[in-house]
Every structure is written in C-alpha cells, then in structure tokens.
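1. Dropping a prediction and its sequence here:
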Number of protein chains: 4
Amino acid sequence: MNKKKIINDPVYGFVSIPSAFIFDLVQHPYLQRLRYIKQVSMTHLVYPGALHTRFQHVVGAMHLMSLAIDTLKSKDVEISPEEEEAALAAILLHDIGHGPFSHSLEHTLIEGVSHEMISALLMDKLNEEFEGRLTLAITIFNDQYPRKFFHQLVSSQLDTDRMDYLNRDSFFTGVSEGVISFDRIIKMLHVYNDELVVEAKGIYSVEKFLIARRLMYWQVYLHKTVIGAELMLIKILARAKEISAQGASLFATQALRHFLTNKVDIHNFLEDPVHLTNFMRLDDTDILSAVKEWAFGEDKILRVLCTKLMQRNLLRTELRNASFSEEEVKQVRAKVKAHFRLTEEEVDYFVYTQVVRNSAYDLKQNNIKILNKQGVVQDITEASDLSNLEALAKSVEKYAISYPKEVGLVFGHL
Amino acid sequence: MNKKKIINDPVYGFVSIPSAFIFDLVQHPYLQRLRYIKQVSMTHLVYPGALHTRFQHVVGAMHLMSLAIDTLKSKDVEISPEEEEAALAAILLHDIGHGPFSHSLEHTLIEGVSHEMISALLMDKLNEEFEGRLTLAITIFNDQYPRKFFHQLVSSQLDTDRMDYLNRDSFFTGVSEGVISFDRIIKMLHVYNDELVVEAKGIYSVEKFLIARRLMYWQVYLHKTVIGAELMLIKILARAKEISAQGASLFATQALRHFLTNKVDIHNFLEDPVHLTNFMRLDDTDILSAVKEWAFGEDKILRVLCTKLMQRNLLRTELRNASFSEEEVKQVRAKVKAHFRLTEEEVDYFVYTQVVRNSAYDLKQNNIKILNKQGVVQDITEASDLSNLEALAKSVEKYAISYPKEVGLVFGHL
Amino acid sequence: MNKKKIINDPVYGFVSIPSAFIFDLVQHPYLQRLRYIKQVSMTHLVYPGALHTRFQHVVGAMHLMSLAIDTLKSKDVEISPEEEEAALAAILLHDIGHGPFSHSLEHTLIEGVSHEMISALLMDKLNEEFEGRLTLAITIFNDQYPRKFFHQLVSSQLDTDRMDYLNRDSFFTGVSEGVISFDRIIKMLHVYNDELVVEAKGIYSVEKFLIARRLMYWQVYLHKTVIGAELMLIKILARAKEISAQGASLFATQALRHFLTNKVDIHNFLEDPVHLTNFMRLDDTDILSAVKEWAFGEDKILRVLCTKLMQRNLLRTELRNASFSEEEVKQVRAKVKAHFRLTEEEVDYFVYTQVVRNSAYDLKQNNIKILNKQGVVQDITEASDLSNLEALAKSVEKYAISYPKEVGLVFGHL
Amino acid sequence: MNKKKIINDPVYGFVSIPSAFIFDLVQHPYLQRLRYIKQVSMTHLVYPGALHTRFQHVVGAMHLMSLAIDTLKSKDVEISPEEEEAALAAILLHDIGHGPFSHSLEHTLIEGVSHEMISALLMDKLNEEFEGRLTLAITIFNDQYPRKFFHQLVSSQLDTDRMDYLNRDSFFTGVSEGVISFDRIIKMLHVYNDELVVEAKGIYSVEKFLIARRLMYWQVYLHKTVIGAELMLIKILARAKEISAQGASLFATQALRHFLTNKVDIHNFLEDPVHLTNFMRLDDTDILSAVKEWAFGEDKILRVLCTKLMQRNLLRTELRNASFSEEEVKQVRAKVKAHFRLTEEEVDYFVYTQVVRNSAYDLKQNNIKILNKQGVVQDITEASDLSNLEALAKSVEKYAISYPKEVGLVFGHL
C-alpha cells in the first residue's frame, strides 16, 4: 500500500487505516458482510436515521483504539508495534460473529450459540488464513494477555466498543443525550500496573459517559416501540420455523432456508461446518426479503405480522414498573383472540410480555478505576463526591406487554 | 391526533408533523415503502454512512418547506391554510415514484418510464383515496398553480428538495463540503409578483449553496467508484433479464420476477395496472437479496459480478477529461477477455464506458432571482459581483471507463 | 421597522428580533452596556473561549423564550400578544442590573445591593421611558402575574435563563459536558393549571439538563483556578478601596473612582441617584484598565496582585472535601509571609479560603413538574424511575485555599 | 513538566501543548498579552460572538501546525524534533507584534510600523531570553530556511494561520459560510521537492477553502458596518492625538498617553526602546477605557463619536461598486455639517470614504500546488476542471461612504 487509506466517517471525519495488514482485514469478506447488518436492528422504525451498520461501528471503534494508543504512548506507556497491531485487530474483529439484526435474532436462528462464540470461531479461521498473525490479537480478545489494559480497551466498562457505539448510535438516532466526550475520556486514559485507569480530572467525563449510556438505554435500546418490533421479528422467524417444520415451503434465500429447515444448536453447530458456512452468508437482507415476501404468503399469521412490520403498523407496547399479572395478560389475549379470530396457540404470536432491565454501572466487575492526584487508584464510585454513581449501579427493571393496536389501549401506560 | 407527532431527525433535530392529514400521508404504505429505498444507491460502498433513505429525505424536505412557509408568512406573504397543506403534501409526495436504488435502476426494470411519471400516477391514486384533498397539492406539483412560488419551493434551482438532499447527503457521507446554510437561505426567501426571490444579503449563502452542490457532484454523486458500482448493478440486472428471457429461473421475489420475466415499457405499464402493483412492492431489498443469491448461482457472469459487488471487490473506474477512443476501449476489452476467458458478448458485462456531466447552475431555466435593496429583481448572475456564477453555469463533462481490477491499472488516472 | 431584524448567534444560528418594540429595548444603552460585561467573569483564564457577554446571553434567552411560546401556542395554550411581548421583555431585561464581572464583584463595589435589586430599579426607569409598556413584563418578572408559567419561564429550575447559560457557557468554554438538548426540552414543555410542566417523555432530557448543570458547576463555575482568580480580583478591588480611603489617588475611570472613594451601601444607593448613574457607566473595561495600570503603580500589594493577574500567574488553589483547619491556614500564611516579606495584615491579600457548594436540584422550591400520560402532574423526583435525582438534590460542599505558587504545593490536592 | 498540558478550545476540542518549551512560550507575558487583543477588532458589534482573541488564534494555529506535521511524518517526510519545535514556535509567535484592535489601529498609534516588523523585533528579544533556542523558528518565519514547506505552513496561501482564522472567525461569528474542512486539507498535504503540495483528491477542499475565504471577506471582514465602525475608532484616536498635540489632557493609561503625546514613527521607534516598552503594555483595554471616558469629556467631537460607538449608534455605511464622486461626497458633507453644526474641518470626523478590495486567490505569488496522480505538480488553477479559480483570482473593489444616520439614507445602497 503506497498511500494512507482513509475512510470517511460522518462521526469522526476521516478515519485512517493504519497499515496494510489492517486494510486487508477490513477488506476481508467477513468484515464486508457487516456492511449489511444494522447496528441497532429495528430501531430505525422509531429513529429513521438509525440505519448504520456493524461495519461502521468496528471501523469507528478501531479509530478510537488508535487514538487511545496514541494517548498512552504520549504518556510514556510502552507499547510495541506488535501490541498496537494486535489491539487494533482485536477491536476490528470483536463483532464478526454477529448475525442478521444483531442482538434481535441471536438465539433465534441458532439455539444457544452466542455471537461471541461465533466471533471466536471466525477469528481462529482468520488466524489460519493470515498464518498466525492474529495470535496476539486473539490472546488480548480472550483476556489472556498479562498487560490487562489492552483487553480493557477492547472490552470493559469503559472500552472503545462502548465509546463508539454510544457516540454512533447517538449520532444516527439524533438522540443528543447519548453524545459523549470520547476525546476527553481518551485523553484522560492512563495505565497503572498494566491496568487501564482514568486521570482524576476526567472523572466528570466518565460520569457523563455512564449517564449517557443509561439515557441511551431508556430512550433508544429499550424504547418500547423498538423492543416490541424486535419481538415481532423474533415471532415471525419462530412462526416460519414452525411451519417449515410442518412442511411448508417458504420463500427464503438458501442460507436462511438452511436455518428454517434444520434444527441447529450448539452441538451440531460446532460439529458440522456447513452451519457456519451458511451462517456467514446471512445478513439483514435475507431476513428482510423473506419478511417482505411472507407478507403475501399463505400462512395467515405470517401474512398479518409481516404486513404489519413492513407497513410500520407495529404492535402497541406498554411499559411499566410493575409486572403484568397472569390475569392481565389473559385479558389482553382474550381481546386479541376475539378481534382477530385466533386460536389459543395463535394468540402467542400477537401478544407478548417481556422484562427489560439495565444498570448503567456494574459495581461487581471490571470497575472503572480513577488515578488521583496523589497517584492512588480508586474505584470511580469512591473517587466521586456524589452518590450518583451508586444510583447508576442500581439495576432497573421494567415490564412490557405488546399487542395489536386494533384492540385499543388496554392499560394506558403510553 | 391529540398530540404533536414528532420525528427525530439527526440532521434537523426534531421534525414536527404539522397536522393529522400530513401524518396520515406519512403513515401511508406508499410513503413507508421509501424507508427501504436508499437515497444515494450504492454510495455507501464509498461513504459507509450513506445509508439514509428516501423516507428520511421527504420528511426532511417537508420540514424545510414548513420553515420556508413560516418565514414567508412572517414577511406578510399571504398563505392560506389550504395552500400550506398542499405545499407540504406536494413535497412529501414528490419522490413516491422512486423504485429500488433510486436513480441507478430507473429505466432498467421498466423501459422509458421515469420516476416522475410514476409519482404522478401514484398521487392521483392517493387523491382518490383521500377524496380529492390532494388536488391543490397536485396542481402545485405540476406547476399549474398561478402562485408560482409554491411550485418553485417544491422544484426549482433553489427548492426544498435540493436543500434537503445536499444537507442530508453531506451529513451522512461526512463530506463537509456539501453542508449548506439552509437556515440562512430560508430566512432570506421572499415572494415578489408570486415568484420566489432571495433578499440581496442572502446572495453569498446562495452562492455557497451552488458551489456546495457542485462539490457534492464531483465528490459524491459522480465519484468514480460510485458510478462504476452503479453501472455494475445495472449490468447485473440486464444480465438477469437476458438469461430469464432465455428461460433461466433465477431466485427472485415475486415482484422482481415480474420485471425479470416480462418486458415492461411505457405502453403496457400504463395499460395494465399489474405492473404498477408489482412496482410498488419493490424496494432495495428485492434487488439486494437477488444479488446475494445470484452470487452462488449457475450463471458465471452473474456469479462473478454479484460476488464482486457483495465483497466490495468493485470494478476499477478511471475518470478523465477526454473521451476514451474506440481503440482504447478495444485494448481494455482484449485484456479483460483474455484474463477472464470471456466471449466478445460477455465482455460487455465487465467493461463499461460512460459520460458524466454536471453544471452547478442552469442559466436557461428557473433562474434564481435576487431582490435587491432598491426592490428590483435580478438574476443571481447579474446581482453578484463576481464572475464565479457564470463559471458555475458551465457544463463540465468527464469520461469514465470501468473494468476489473485484476487486469491492472490501464490508463493511470486514479 | 420594515424588515425582520436578525442577530447572528453562533449558538443558535439566526435569532430574529420579533418586533420593533423589542428591537428598541435591545438598542437601549442599558442593554448595549451588557456587551462589555463578560458572562462568566475570569473563566476565560482557564477556558480561553469564554469571553461571551451578558448581552449575548439575554438575546439568547429571549430566543429560547420565543421558541417556548411557539411550542405552547401550538399545543393550544392561549397566549395573548401582550403576554408574549411581556415575557420576551422580562427575559431580555432580567440581567440589566449586573455590574462589571457579573457575580464576581457583586457586593464588592456596593455593599449589600444585589444585581436583582438594581435590575428592578432599572426596569422601573425603563418603564417610565417607554410609558408603561413594560408594566406587564415587570409583573411577570416579580412573579405577581396569576399565570405562573410566564414567571417560571423567566425564573425557575427549568427556565430559559438557565437553558441559555448552560448551553452558551458550554459552547464558549468547549466543555461539552454542559451541552443540553434545549430544543427537546422546549418541545416537551406544556402548561397545566397555569403552571409550567414537562411532558413525560421529556423526562430524560430534563434529567440530563440537571446533570449537565452539575457538571458545569464543578468543571467551570467552581473550577478551582477560576474561583481563585475571582477572589484575587475581589481582593484587588478591596485593596484599592482601602488605600483610596487612606488618600491614595489611583488610576481609575470617573465611575470607578466614584466607588473607590465613596462608601456605597444599600441606604445611600437608594437615596442618591448619583450612585446608580455611576454604576450604569461601569463595565468590565473600567476594572480591567485599572488592574492593568495598578500593575505599574506604587502600592506593592496592588502591583504584585495585578501583575500576577495580567500575566496569568494566578494563585494556586487547592480544593478538597474537608475544610482547612485554622492550623493549616496559619501554616500557609506563614510560608507566604516569609517568602514575600509581608505583614500579618498584608498576607490577607495573598492567602484566601472559601467554601463552594452546589446542588443540582432544589427539592424545596419551584420543583420541576412532570405531566404523565394519565394527565397527572408529579414532581420530577417522583416521576423518575431512578434515585439519581435525589442524589442530585444533595448539596455538595468543597473547601478551597488559594496562595501564591512561589511557596510550592502545600497540600497536594491538585 | 510531568503532565501533558491541555487547553480547551471550543473550535478543536482539546489542544495539547506538545512540550515544556512550547508551554514556556505560551506562558510568556508577550503571549499572555494577546488574551486582551480581539482577533477581529470591532466585528463583535455586528456579530456579537466575535470576541475571540489573538491568543486563541495562535494556540489554534499551533494545533493545526502540529496536525500538519503529524500528517507529513506519516507520509514519510523526514522532520527532525528541532524542525518540529521550530515550526510550532514560529506559528505561535507569528502575531506577537499585534497592537490593540489588531489591524484596525495599525499605523494609527505608530506611523509606518507594521505588526510584522514588531513581531520580528519581539522574536529577537525572546530569542535572547531563551538563549538562542528560537533561532531556527526565526529562520523559518523569515523564509530563510531551505526546506520551504515549513515557511509555507506558517505563511502562504494555504497556511495554518489562514486555516485557523477562517475556521475560528466562522465559529465565533456564526457565519457558517466560512467553515472549512481543515482536517481534510491537512490530511491531503504532502511535500514535494521541499515545497508544500496538496494531493489531487484534496482539490475540492482547497477550492472550498478559497471560496470560504472570499465569503468571509464580504460577509465579515469587509462588512460595511464593521469597516465603518473601525474607521470611527481610527478617527477617534486621530482626534485624540490632534487635541493632545494642542495641549488637551485626556484620560488615558500611561502607555496610551505615551502614544497620544509623542509622535512615534519608524525612525524613533527603532531608536528608542521606550516606544516598544510602552507598545507592549497596550491592549484593547487601554483604547476601550479611553473611548468610554472620552464619551463624557470636554471635546465635542470625541464626545459624540465615543458615545455613538459605545451605544452602538454607529455611522451608516453604504457600499457600492462605483466610487463616490467628489460631488457626491460634498453633498453628504453638507448635510452632516448642517445637521451637527460643524466646521469644514470637523466634518472630516463624521464623513469618511474608503475603498475595500479582495481577491480570494493570488495568481502571482506563493501559488497553491497540486500533486496529481501521475506525480506531477501543477498550480491549482491548472489542475482544476473549472474556471472558477481564475474568477477567484480577480480582485474585487468596492467603495464605501460612512456618515451619521441622523441625516437619513443618502444613496440607498443598504
């Protein structure tokens, strides 16, 4: 490569690809596939700009990693060229195991296989392909490298993954509450005993980062209409698998058909490479084209759900602090059953409950460490003057019920 | 509607839907379909953020229309509630006739039918559905309303369509050269003899708008890699139609199959409503899912082209000021033919030339008018001190040739 | 006024002056004087961009008031043209009583007279000049108007004053932690029983507003170097008054000399209009030109302090959670006394302690009210799911000591 | 210095001070003085946010220099640590010779001495103070260093000075037409034969930079109200010198009095160091405090002009493409003379004409060079497809006349 390759990113401006090897990784079909997997699944139905992809995210996270490494080096933390390349590769590859619609369909197409497991499998395959050059990146990714801060930059409560996705999701949704001062936080990073720490005067920026994360959870990731739509999509796929098992022949790409007609779980997934091969051919397009087509198909349930999804006639979702009692759910089901003339089994596809929970800061693991002016390292909750951070550590649970709008507003928690 | 509906737009912040009727239009399946048609087709392969849709664009343009109307009313231009609603509806509907991949595939699936014609057909259908409430909007859209400025706000050299797309495309590509001061331009709008004019002190903002438009053309819309990729897509569809005509049964959604297997032109399109019905079921998903699947199909040409497109192994496109001679093209074709072992006919799918041209300002029609301080209206080229604007009116032509990277760099105009 | 007057504001873009009367107020010398009073006093010594003025702030706050009124009217809250004008005038005039260096020198030049009292006096004078047209504005300002929400928009825990200053101070300091989504908050405002409320879905934006305010306090308003510099300025003025009282003739503008040589307190201030006349001639320039000149004067204390201030050789300020004991202070004084060869009295000008405190939300008065989806109004701390807001209500106190850097770092809380 | 010093800049975010020596320069009283000299003089009377200072500008320009050097190093241009430090120092010091109100009062207080000459004098003094460490910086500044690109980064048609001031003035005025993509331009910089060049794909960004500069000239730097106000200030100082010469004792700081009562020109300025010493004590405060005080003084002309300036009752300035004839000027003078009952000599203080001119690109010297893809260097006007750049090279002249508003609008070119 005779020139610096540059990617235009509306979030950060120009992102430089730092080396030919990193460029080769970016060009690899495994990475290019992520161009067709949206970062935040169905969120665009509520925030129309949120069409950004896993590809943009991993490139952005790599950019932040590169800034973080520059900062640490300028503070005389020794980082070898090999370590630098490995850290960049690790963050670039951290999401390659994601399937279509990211988290929404995880565990739907394949039972019991997380995207992290698939990422690990794919990294090993790539490492073979690149003749071992990814070994250190994988060691860092798996937190087996003694200099912990590299892993912490890839995955912790203040990692480049979170910094990028908060910033990026905030940018594309237009929810300015999620904007974080990533540049400030990065400039305040330091290393102490090979652990990642934040200099004391960065404490307010970190606080704001945690608060921004909480606000993004409630305004975006756990937005009731979004979680309702995502559950619709899961139910659609479940229905498709159900009737495929009964012998129906649904429109689908070959790769999607593979997962509709075969029961894939952790055991056979690891045994037979055909599953992984098909998985790597899947992206959002396979799902969306099927949903579009099923809206005109023979199965009434699929037809109704898919039409609703495509025309954005989404289920109504109500969210509240108390759980819905069996009695309450029964009452909604009865209304829906009558209105749409459904059997008891069919109602399952139109009425769903779910619990959502979030805590902005986890007190128990991977705490964020502050390096104070006396050179002492403290947990951020101790270093901060306010009890806010403890409040942020509290887990908040909410309860949701979704059902077709046609039956009217049942509980009134709009 | 008891509450103001609001749409989050990362470009403008909050966009208010001004009335229940406009909200009904936004909710209509014709508008919702635009959620799945990207504004700038394959541009995301060069600018990864450019995944925004026609839906976002029409909502944004409606927002600008609403700001423009507020400005004019504050300057005592009389605008009735009916006129306001009609102007908003006209801009909201101006793009409903777009098919998948917007301009790229126009005239590919249907010969000789422009998206404007389809928009006109669909507006009439909607007008029936809404019992004539769109009549004034259609009159404005067709430039048959005596108060010309309404049409000029919808379609002219300084309309809300252009203002939105420049701003939006600039935002999502990250090409800051395209950012325009839409708020300044809008605040400077006025009406004189029922024609749209710009107050003299807005002249610099308008100049910058024209220049921004030119920069966006050369940096984004006519970017050589983008125009090469778009021609690849056209060739893929052409090949699919060709072998479908020969009896091949390709993977496709029903709607796409309709256009692969039927020759639709302006005559039968207007005669038989089945064509429009199928057209309205198409969006980017239909095309993209087919391209993905054809990458694993039997036809070698489709297989190669589709694999290249999906893995972003795009054709190399060279762009220069002089046209490519027959001899030069022949030379490229020979190299490609030999390298890929193709027949003379097959080479057509791998080597393309095209001419691209752009002028930032058209002197001949719909000139931008400046209202100077003496109350006199002038064409902007006369009102400006500099000869810049005349330069902007010059049409610039460039010539492109695209071919597979495998044969190396042929001319050297990278 | 035949044209809409527009002010360019880098924070909001274009700000329209809504009427000829409001324009006359803006042009009045009382308002123009605010062009020469910085909004955040000595903060620019830490954040060099923070040179913005009270003038910019009041125009910005008026802009937000205008947006808030538009929102309320669009939700069918009845607001008469007279009420609208009065609300705009009230916010425009709310700061006219500020003297040089805003809060820093309050009570220094005049004992016991707050800027609010002076604002009230000046509004009455203006009301006379404008023949009673400000009567309603003054009624609103004084919270004597039955429709409470007007006063709440001018002055409450969620008023247009705070929204503007947080946003503006954040913009000009570059401390992005203070950026608030003023447009979201304003779009969520409503009126219930003539009180200002926020619609439930705006709750996260309000939370972020309160948190942003807290972060701005600790990062900007109570930044240790800033509070140290402000106290230096107060001490300089105190010293100047002291030696003027002893007969020294210091360089000063006539207006400043008036306050150096006369003891002005609340009693004679209200009795003799000469004090107010002189006060209205003062702005930051009078103080700064004196400080510059005193750096070359005869009094050693003034000379040292003023030179330090002008050359930004500021006192070191240490900030901690526990107060400084008499013993500790004595120790610092001893060091400074020895180093600069000062008398016990003179040390007072070089060593200062102060307590700073802030709570982001006051539970006791003017609570922020949320209008939930059932139409019930609650205090924001009850409406929110999290205990964060209660944490925000906690008052935090810190203790500061300032002394010349020449004696080295004494306590080590940098 | 054990920590990286950081300055918060609202334009660029965090600016790092790269070394202890550079930090010492920033702290030097010569640099600190620039905190009190506004970058764009009286412009804040039209754009209220434009209060930013020369200090902010030089720190910002140093930041851009640092980015440019990083880019060049990443492209394997060899730059030694000494060269890097020298380039940073040169840009940091390039404006230290500016006096109060920057360009406005140049040649008013001292005849025939430019700020560049004073900068050169001061750099030599600093070089002595820093024991020769600035020698290379001075060599670069004076364009005597063989590697021309260092000087070109400090001073040329595409230097870090211009990039910073356009961006900064645009930011603080709110005139978005001036925003430039400095990051893109910098990433496209390269060095060829020790000359600064721009890579071909940066050509559009450079074009936009030149256009932005032209727009900033006409919208900000040569805004008629601004140039009128600046001439008022010059006339005020001229009057003050005139009556001081006649024996009047005006309020003034000692340093300002020095220049009011002594005729300083290039000869005695260089001979007697007292002039430079006094000059270095001057900043905007000295002038502004005098103007404020003179508004209450005995001389009628000063009183009227200073009151007008302080209350922003500015002269009306008309701007047009043709010059004002003697006859026209005479007519205005007659009106003003009658209205204010002035003598023929006194009218000079109230009626002024001036010529303003600007060309965005100078064809004759220091051309911007483009490095095309074949490795050939061309002037930008040849490399660009359009004739726009030639148009930008045209010098545009306009003619202004200023006079008190009290006599009404005379010519009508508002």
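-> Perfect, I can see it now.

2. right, is stretch A:43-52 up against chain B?
-> Yes - using Cβ under 8 Å from any Cβ of the partner chain, stretch A:43-52 reaches chain B at A:44-49, A:51-52. C-betas here are computed from N, CA, C, even on glycine.

3. Kindly check the end-to-end length of that stretch for me.
-> 10 Å (Cα to Cα, to the nearest Å).

4. what's it in contact with?
-> A:38-40, A:168-169, A:172-175, A:220-221, A:223, A:225-226, A:229, A:312, A:314, B:7-11, B:35, B:49, B:51-53, B:55-56, B:59, B:172 (Cβ atoms under 8 Å, 6 or more residues apart in numbering or on different chains).

5. Return the distance of the residue nearest to residue A:146 when sequence neighbours are not counted relative to chain D.
-> Among residues not flanking residue A:146 along the chain, residue A:194 sits closest, at 6.8 Å (Cβ to Cβ, 6 or more residues apart in numbering or on different chains). Distance of residue A:194 to chain D, given as Cβ to the nearest Cβ, to the nearest Å: 20 Å.

6. Look at residue A:194 and report its pLDDT.
-> Per-residue pLDDT puts residue A:194 at 96.

7. list the contacts for it?
-> A:146-149.

8. and the residue in the stretch 251-400 of chain A that chain B sits nearest to, how far is that from residue A:252?
-> Closest to chain B within the stretch 251-400 of chain A is residue A:289: 3.4 Å, counting by Cβ to the nearest Cβ. Noted for residue A:289: a distance of 8 Å to residue A:252, by Cβ to Cβ, to the nearest Å.

9. before we move on, what about residue A:315?
-> 24 Å.

10. swap in residue A:22?
-> Taken as Cβ to Cβ, the span from residue A:22 to residue A:252 is 36 Å.

11. and those two? which has more neighbours close in?
-> residue A:252 (23 against 19; other Cβ atoms under 10 Å in any protein chain shown).

12. isn't that one right next to residue A:291, touching?
-> No - with contact defined as Cβ atoms under 8 Å, residue A:252 does not count as touching residue A:291 (10.4 Å).

13. ok, the residue nearest to residue A:146 to residue A:378 distance?
-> Counting by Cβ to Cβ, the gap from residue A:194 to residue A:378 is 17 Å.

14. for residue A:82, same thing?
-> Distance from residue A:82 to residue A:378, by Cβ to Cβ: 32 Å.

15. residue boundaries of the strands in the stretch 301-414 of chain A?
-> A:316-320, A:352-358, A:369-371, A:377-379, A:396-403 (DSSP state E, counting those that start in this stretch).

16. Make JSON lines out of those strands and add distance to residue D:216 and mean pLDDT.
-> JSON lines is the format used below for the strands of the stretch 301-414 of chain A (distance: least, Cβ to Cβ, whole Å; pLDDT from 0 to 100):
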{"stretch": "strand A:316-320", "distance to residue D:216": "50", "mean pLDDT": "92"}
{"stretch": "strand A:352-358", "distance to residue D:216": "47", "mean pLDDT": "93"}
{"stretch": "strand A:369-371", "distance to residue D:216": "44", "mean pLDDT": "92"}
{"stretch": "strand A:377-379", "distance to residue D:216": "49", "mean pLDDT": "89"}
{"stretch": "strand A:396-403", "distance to residue D:216": "50", "mean pLDDT": "93"}
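
17. And the lowest-mean-pLDDT helix or strand in chain A, what's buried?
-> Lowest by mean pLDDT, DSSP states H and E among the helices and strands of chain A is helix A:388-393, with a mean of 72. Neighbour-count burial for helix A:388-393 flags A:388-389, A:391-393 (criterion: 16 or more other Cβ atoms under 10 Å in any protein chain shown).

18. do stretch A:303-322 as well
-> For stretch A:303-322, by 16+ other Cβ under 10 Å, it's A:304-312, A:314-319.

19. okay, that stretch in CSV with CA atoms only?
-> What follows is stretch A:303-322, C-alpha atoms only, in CSV (Å, rounded to 0.1, in the frame of the first residue of the first chain):
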residue,chain,number,x,y,z
ARG,A,303,-49.1,-12.6,6.5
VAL,A,304,-50.5,-10.4,9.2
LEU,A,305,-47.3,-10.0,11.2
CYS,A,306,-45.1,-9.3,8.1
THR,A,307,-47.5,-6.8,6.6
LYS,A,308,-47.7,-5.0,9.9
LEU,A,309,-44.0,-4.9,10.2
MET,A,310,-43.4,-3.7,6.6
GLN,A,311,-46.1,-1.0,6.8
ARG,A,312,-44.9,0.0,10.2
ASN,A,313,-48.2,-0.8,11.7
LEU,A,314,-46.4,-2.0,14.8
LEU,A,315,-47.8,-3.7,17.9
ARG,A,316,-48.5,-1.3,20.7
THR,A,317,-46.2,-1.8,23.6
GLU,A,318,-46.9,-0.7,27.1
LEU,A,319,-44.1,-0.4,29.6
ARG,A,320,-44.4,-0.1,33.3
ASN,A,321,-42.6,-0.6,36.6
ALA,A,322,-44.7,-3.5,37.8
